[in-house]
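Undergrad: predicted model and sequence below, questions to follow.
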Amino acid sequence: ITPKTLIVQANDDAQFVTRADAINFAGASYSGFVTNESTANLSGTLAITRTNSTTTAAGVYNNVLVPSGLSSTNYNIVNQAGQYTIVPANQLLVRVANSTTTYGTSPALSISSAQYLASDNTTIRDLTSSINTSNGVFSLTDGSSGSAQFGLSLNNPTLSGAGMPTVGIWDITANNINRTSSNFSNNLVVVGSQTINPKPLTINVTAANKVYDGTVIATPSLSTTDVLTGDNVSLLVGAANFANKNAGTDKTVAATGLGLNGTDIGNYVLQNISAITTADITPKTLTISGITATDKVYDATTQANVSTAGLTTNVMHTAGLIAGDDFHVSATGNFRDANNTANDKNVGNNKTVLLNASYVGADVNNYTVIDQATTTASITPKSIQLTGLSVASSKVYDGTTDASVQGSASLLNSETAGRGSSTDGKPYLNDVLNLVGASTGTYNSKDVTSASSVAFTGISLSGSDANNYTLLAHANASATITPKTLIVQANDDAQFVT
């Protein structure tokens, strides 16, 4: 922290010719104290000395009243000299009370004394009690027929963009002077100063609501009611941040590095370099797509095999996920009927799969998730095995391939839905299946030498769940054809002798 500049200005003063200087003259005025500090925060004792103290002749002497004696570690004290006037006889000396006001307010100037030195250079006539004020015009009388009227104002002050005297220490001067008294017919001398201190300025901060973006950065808006119209003052902010990045309502926003810029900022003193406000972070929309389901063999359930492998990093970022956020997707699904009105276990191509997704991770609540509702996959029939049939190990050759079937056609024992494997050949419990038709057996050849096996046909599936299965052919039975006995009988015959 570097010291702040503090101007110590010796107040202009005046005294009648032949009169001794007053101790410390008219004192000093100060410009540059921070809020709520004053001369009580300085070390030392103020002393005002006149550098031309031996001069007694009437006249105006610039920069001869010099302040000294004060020090501070927090202020860089700049001492500035004041003017001293030695007033001759028959000249009205008006002392205006040194006062302090705030920038932007009209000064309330008041006269503490009005006197003149009589022509005998001894008698001082005090006219203070005769002063009247009306509409900013001061009037006084000399006790006989003479009078004076005049106004008071700051002496050639620098004006701000708002047209107001700027911060600083300004001498007081008389204007619109009208004198009728021969007792003070010479020039009117006015001494006194007006200190204008900076106007307190508070920056008000609001922050805009935003959609979650993974950062704490807020967008602030700055305003103040303290800047005068016409002044060139702009408001600055270094940063504005939410307390954390997460979505929520009425979240605290801290604005720091508040400041001022512009040609008129010297007329203001900033009351706050930071401010607290609130704003909302609304969840970001995240549209999920890329969940798939794989085809399966019929298992008497509606459950689908769902995969989230398609939700790659690039896919999720395209969907709206902020890079680096902790957000994970899992999903299950069920096959549906053709109208997507109910779960459906049955075989079909490109069946609708109704998805049920869930989301976990530290950043889940920062998103409004639009679920992927469905995907598609197929259910293919399960192959089941026909069994229970047999034939005799052989038959006697009869010139045909027909075989006599033994036993009853049946299926393997049923298993619970979703159990077993797609290749175990078993149907599922509670499925409605019937075997219909008459079993026939057929040799692979009618001939004894080549007949070796019998194939079974004639049995098919029926029932409400038949379309969910493919019936595998019964395993061939080993059987042979044995030769048939063929009697070759020589026919009796006769012939004549010779």
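TA: Alright, I've got the coordinates. Residues are numbered from 1 along each chain as shown.

Undergrad: can we go C-alpha only for contacts and neighbour counts from here?
TA: Fine.

Undergrad: where along the stretch 301-450 of the chain do the strands fall?
TA: 305-307, 328-335, 348-360, 367-370, 374-380, 382-391, 394-396, 402-403, 405-411, 434-436, 440-443 (DSSP state E, counting those that start in this stretch).

Undergrad: and the angle from the longest one to strand 328-335?
TA: I take that to be strand 348-360. On the basis of axes from the mean of the first three to the mean of the last three C-alpha atoms, to 10 degrees, strand 348-360 is oriented at 150 degrees to strand 328-335.

Undergrad: sorry, back to before: in CSV: the strands of the stretch 301-450 of the chain, plus distance to Val233 and mean pLDDT.
TA: Formatted as CSV, the strands of the stretch 301-450 of the chain follow (distance: least, C-alpha to C-alpha, whole Å; pLDDT from 0 to 100):
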stretch, distance to Val233, mean pLDDT
strand 305-307, 61, 97
strand 328-335, 50, 98
strand 348-360, 50, 97
strand 367-370, 41, 98
strand 374-380, 59, 98
strand 382-391, 82, 97
strand 394-396, 116, 95
strand 402-403, 112, 96
strand 405-411, 94, 96
strand 434-436, 94, 96
strand 440-443, 106, 96
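
Undergrad: which among these is found nearest to Asn491?
TA: strand 394-396 (26.5 Å; C-alpha to C-alpha).

Undergrad: what strands line up against that closest one, and which way round?
TA: If you go by DSSP bridges, strand 394-396 pairs up with strand 480-482 (parallel).

Undergrad: name the surrounding residues that touch the partner strand.
TA: 393-397, 446-449, 451-453 (C-alpha atoms under 8 Å, 6 or more residues apart in numbering).

Undergrad: and the buried ones among those, selectable in ChimeraX?
TA: Command for ChimeraX that selects the buried part of those, burial taken from 16 or more other C-alpha atoms under 10 Å:
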select :394,395,397,446,447,448,451,452,453
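
Undergrad: list just the nearest of the contacts of strand 480-482 to Ile177.
TA: Ser453 (144.3 Å).

Undergrad: residue contacts, the nearest residue to that closest one once chain neighbours are set aside?
TA: Using C-alpha to C-alpha, 6 or more residues apart in numbering and skipping residues adjacent in sequence, the residue nearest Ser453 is Ser478, 4.3 Å away. The contact partners of Ser478, by C-alpha under 8 Å, 6+ apart, come to 393, 452-454.

Undergrad: which helix or strand contains the closest residue to Leu321 other than its chain neighbours?
TA: Nearest residue to Leu321 in three dimensions, chain neighbours excluded: Leu286, at 6.4 Å (C-alpha to C-alpha, 6+ apart). Secondary structure assignment for Leu286, by DSSP states H and E: strand 284-287.

Undergrad: so which bits of the helix or strand just after that strand are buried?
TA: Sequence order places strand 292-294 as the next helix or strand after strand 284-287, per DSSP H and E. Of the residues in strand 292-294, those buried under the neighbour-count criterion (16+ other C-alpha under 10 Å) are 292-293.

Undergrad: direction included, what does strand 292-294 pair against?
TA: By DSSP bridges, strand 292-294 pairs with strand 305-307 (antiparallel).

Undergrad: rewinding a little: keep only those of the contacts of Ser478 that are in strands.
TA: Counting by DSSP state E, the part of the contacts of Ser478 found in strands is 453-454.

Undergrad: tell me the pLDDT of Pro187.
TA: For the record, residue 187 is Asn, not Pro. We have a pLDDT of 74 for Asn187.

Undergrad: for Asn135, same thing?
TA: pLDDT for Asn135: 89.

Undergrad: how about the residue nearest to Ser453, phi and psi?
TA: Backbone dihedrals for Ser478, given as degrees, to the nearest 10, come out at phi -80, psi 130.

Undergrad: switch the strands of the stretch 301-450 of the chain over to TSV; also include distance to Val17.
TA: Formatted as TSV, these follow (distance: least, C-alpha to C-alpha, whole Å):
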stretch	distance to Val17
strand 305-307	107
strand 328-335	95
strand 348-360	94
strand 367-370	86
strand 374-380	106
strand 382-391	129
strand 394-396	162
strand 402-403	158
strand 405-411	140
strand 434-436	140
strand 440-443	153
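
Undergrad: not counting sequence-adjacent ones, nearest residue to Leu152?
TA: Closest to Leu152 by C-alpha to C-alpha, 6+ apart is Ala174, at 4.6 Å.

Undergrad: separation between that neighbour and Ala97?
TA: 14 Å (C-alpha to C-alpha, to the nearest Å).

Undergrad: kindly report the same for Ile169.
TA: Taken as C-alpha to C-alpha, the span from Ile169 to Ala97 is 13 Å.

Undergrad: same question, Thr224
TA: Thr224 is 33 Å from Ala97, by C-alpha to C-alpha.

Undergrad: which of the two has more neighbours?
TA: The neighbour comparison of Thr224 against Ala97 (other C-alpha atoms under 10 Å) goes to Ala97, with 18 against 12.

Undergrad: give me the number of residues near the residue lying closest to that one once chain neighbours are set aside?
TA: In space, and not counting its chain neighbours, Ala97 is closest to Ser112: 5.4 Å by C-alpha to C-alpha, 6+ apart. The number of residues packed near Ser112 is 13, by other C-alpha under 10 Å.

Undergrad: offset the numbering so it begins at 873, please.
TA: Done: numbering now begins at 873, and the last item shifts to Ser984.

Undergrad: give the contact list for Thr1173.
TA: Contacts of Thr1173 by C-alpha under 8 Å, 6+ apart are 1216-1217, 1289-1290.

Undergrad: of those residues, select the buried ones using a PyMOL command.
TA: Of the contacts of Thr1173, the buried ones go into a single PyMOL selection, burial set by 16+ other C-alpha under 10 Å:
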select buried, resi 1216+1217+1289
